[in-house]
Structure formats: structure tokens, C-alpha cells
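**Q** Fold the stuff below for me.
(chains A and B)
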Amino acid sequence: MKKLSCYAIILALAAMIGCAAVETVTTIATDVGVQSGAITKAQGESIRKSTQAVSRSIEDFTPEQEYYIGRSVGAIVLGKYSALSDAKVNAYLNLLGQTLAMASDMPELFGGYHFLALDLDDINAFATPGGHIFVTRGLIRCCKTEDALAAVLAHEIGHIQLRHGMKAIEKGRVTEALTILAQESAKSFGSEDVIKLTQEFGGAISDITNTMINNGYSRVYEYNADAASVTILKRIGYNHAALADMLNVMAKQMKPGGNDFAKTHPSPQSRIAELKDSGIALTSIEPSAVRKERFIKAVGHLL
Amino acid sequence: MGTSVTGKEIALAGKGFNEEVEAQYRKSNKNLDYTWINQMETMKVSPEQVEDFIAGGNLVFDAEGGNQ
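**A** As a prediction, this is how the structure comes out:
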């Protein structure tokens, strides 16, 4: 009984501590447990292995790995929706997007941020963990100003900086993939591992695209991305109320039960209500003339 | 999932999800087209262009004020 409770206490302790410290603390705790006779050596080893697996999380993926996951997620998005081959629109999206990324909490990514318009009337946008951001023509049409389009792109940057895509990967898969990768230090990597790793890679991509395209992120994630958008807009001097302006237009243009934002996002009204509940003032003002001019010049033909 | 893995792929895949793992994944998903992904990654914006864009739009980096 004493042995069992000691075993349980060590595992509970491991579960309560953050990922970085969990392995160290567990090693010390199991050593003490073995030396005092509370647990056997085999049990100590078993605990160490269990907590090693528990401690692996998305934080252990490197920016390079997120970039490669993002490329394949992006390829799937582009397999479903066509790119809009419009150099003027895409150049403007990239200029605007890079400016916003600079003001975000994650201005640097392994492969940088890249923006592309999709040739689709549905209202939608996607962001991969690798920094690839896609926005449909339908969503661009919901933006009446540069500030509003900035709000859309900043929302997608928010999903990346909050790592919502990576969090969509099933925990078991994260553990499995990182456990395979950890074998590198033991120099036991073989062709079977590459195949297993590729399977986990494919699984991770499916998890992300299923969430992003079919099921949508949780309401909380969407509200968090809106909050991140407001922060970015404020930092660069855009009118953050433009997010609400865009959501109001979206509410009018969205088809109830449609196969777009309506399916994967909380309603525009609830997003506006959430912003207000967070104490964010949403007073619309006339955008600056220079921003209005360059916005129309770049995307006016799509509106 | 393909089973043909070269020695180089093994060595490089040990470093994680990277170019070699993507290549292996693409072997099994031949319908996926990375042309536009590669193309969008060539769209570069220089720091000078960002500076001009900020100045030209009456924006101020780290403004925190918003409503301008």
C-alpha cells in the first residue's frame, strides 16, 4: 500500500509540474523512491519512461519542423481551393501582412510570413503553423478599408503566434513523433523510423487541416485571435474598430449554414460582443485618405 | 506510405520534420501540388518597403493608440 501510494505521488507530482522540469524532478523523485525501498528499480524506470512521454509537447517542435508542417498544410489548402493569380493583390497582401507581422508577438518565423489570395467567393481564411496565410476573395470583399483587411490578416497572424494549428495535433501523435525524434541522440534512427516519422507527419497534417478546414478552432481560440488582432492593429496605428466593421459586413454577406466561416467560426455578432465584453472600445472612424487610396488601387477590382 | 528510404533520408530525417520527411510524404501523396506554396514563398518584402508602407499610410510602429 505504502509502495503504491508513493508510486502514485511521484506520477501525480510529474503531472503537476511544467514540461521543462518534469523529467528532472521525476528522476530525483524516483531515485529517492528506489533508494528508500518505496518502489522497485523497475518501477522507477517505468515512471521515468511514462513521464518522458508526458513531458513531450508541441513546444518541443522546432520552428523548422513547424515550417515543414505548414508547407504541407498549405499544399492541402491549395489542393482544395485555387490560388488567385493576381500579382497586384498578392503583393499588397504581402506588404500589409509583413507590416502587421512585425508588430506581432512573433515577428520572426523559420520561413517568414507569406500571404496569398484564394480565388473563392466563400468567406474564409487559413493560417498554417509555417506562416502561410490564405485569404479568400469573398473575405477581401468584406473589407471596406485597409484597416479592415489588416484586421483579417492580423487575426490569422494571431492564430500562428498562439500556435492554434499546432495545438490541433492529437496529443498521442505529438508524443509518438517526438519520441521517434528523441531516438536520434541514441543513434538508433533507421528506415522504419523514417517511415513512422513520415506517418506521424502525415497524421499531424491531417489533424491540422481537419480542424482548420472542416471543424474549426474552438470559440475561445477565435476570440483569442481577435484579441491578438486588436493588439497588433493598435501597435501599428490602425483603427482596431475596423475588425468590428469587417465583422458587421461579414454578418450581412454570410450565408446561414454555408460552407465557409459560418461553419468554422463563431458568429460575427458573438465575436463583436466578446470584444466589447473585453472592454475594447469599437468606435468607427473614417480611414485616412492615403490608406483608402492605396487599398482601392490594390484590391478595388475585387470589391 | 512508401517504404523506399535512402541512407541520406534516414540521416536527415533524424533531425525532425524537414525537407526529407516532406519529400517522403510527397511520394505517398502525389496529388499534392506545392507549386503555389513555393511561389508564395518567393514573395519577399524588404524592411525598407515595410518602412515606406508604414510612413505612406500615416501609420506609426508601436503606436498603441489605434484610431488614426
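
**Q** Verify the stated contact: A:Glu66 with A:Met166.
**A** Yes. When contacts are counted by C-beta atoms under 8 Å, A:Glu66 is listed as touching A:Met166 (6.4 Å). The C-beta positions use only the backbone N, C-alpha and C, and glycine is treated the same way.

**Q** Quick check: neighbours shared by these two?
**A** By C-beta atoms under 8 Å, 6 or more residues apart in numbering or on different chains, A:Glu66 and A:Met166 have these common neighbours: A:Pro129.

**Q** what number of residues lie near the residue of chain A found nearest chain B?
**A** In chain A, no residue comes nearer to chain B than A:Gly237, which is 3.5 Å away by C-beta to the nearest C-beta. Close neighbours of A:Gly237, defined as other C-beta atoms under 10 Å in any protein chain shown, add up to 23.

**Q** roughly how far apart are it and A:Cys142?
**A** Separation of A:Gly237 from A:Cys142 (C-beta to C-beta, to the nearest Å): 22 Å.

**Q** Could I get the pLDDT score of A:Met16?
**A** A:Met16 is assigned 45 on the pLDDT scale.

**Q** B:Thr6 now?
**A** The model's pLDDT for B:Thr6 equals 62.

**Q** and if you look at B:Thr35?
**A** Looking at B:Thr35, the pLDDT reads 98.

**Q** Look at it and say how many residues are nearby.
**A** 10.

**Q** can you tell me how far it sits from chain A?
**A** Between B:Thr35 and chain A the distance is 8 Å, computed by C-beta to the nearest C-beta, to the nearest Å.

**Q** Tell me who's in contact with that residue.
**A** Here B:Thr35 is in contact with no residue (C-beta under 8 Å, 6+ apart).

**Q** Need phi/psi at it.
**A** Phi and psi for B:Thr35, reported as degrees, to the nearest 10, are phi -60, psi -50.

**Q** Run through the chain and note the low-pLDDT ranges.
**A** If you meant another chain, say so; for now it's chain A. A:1-56, A:183-190, A:259 (pLDDT under 70).

**Q** if you could check chain B rather than the one you did, that'd help
**A** B:1-15, B:63-68.

**Q** Would you check that A:Val299 makes contact with A:Cys142?
**A** No. Counting by C-beta under 8 Å, A:Val299 stays clear of A:Cys142, with 11.6 Å between them.

**Q** just the strands in chain A please.
**A** A:114-118, A:125-127, A:132-136 (DSSP state E).

**Q** Make TSV out of these and add distance to B:Phe61 and mean neighbour count.
**A** Formatted as TSV, the strands of chain A follow (distance: least, C-beta to C-beta, whole Å; neighbours: other C-beta atoms under 10 Å in any protein chain shown):
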stretch	distance to B:Phe61	mean neighbour count
strand A:114-118	19	25
strand A:125-127	22	25
strand A:132-136	20	26
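
**Q** Can you list phi and psi of the residue nearest to A:Thr283 when sequence neighbours are not counted for me?
**A** Of all residues beyond its chain neighbours, the one nearest A:Thr283 is A:Ala241 (5.4 Å), with distances taken as C-beta to C-beta, 6 or more residues apart in numbering or on different chains. In terms of degrees, to the nearest 10, the main-chain angles of A:Ala241 are phi -70, psi -10.

**Q** and the strands of chain A as CSV, adding distance to B:Ala23?
**A** CSV is the format used below for those (distance: least, C-beta to C-beta, whole Å):
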stretch, distance to B:Ala23
strand A:114-118, 20
strand A:125-127, 24
strand A:132-136, 18
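
**Q** For chain B, just list every one of the strands.
**A** So, for chain B - with DSSP E - there are no strands.

**Q** Show me the helices in it, by range?
**A** With DSSP state H applied, chain B shows helices at B:7-13, B:19-28, B:35-41, B:47-56, listed in chain order.
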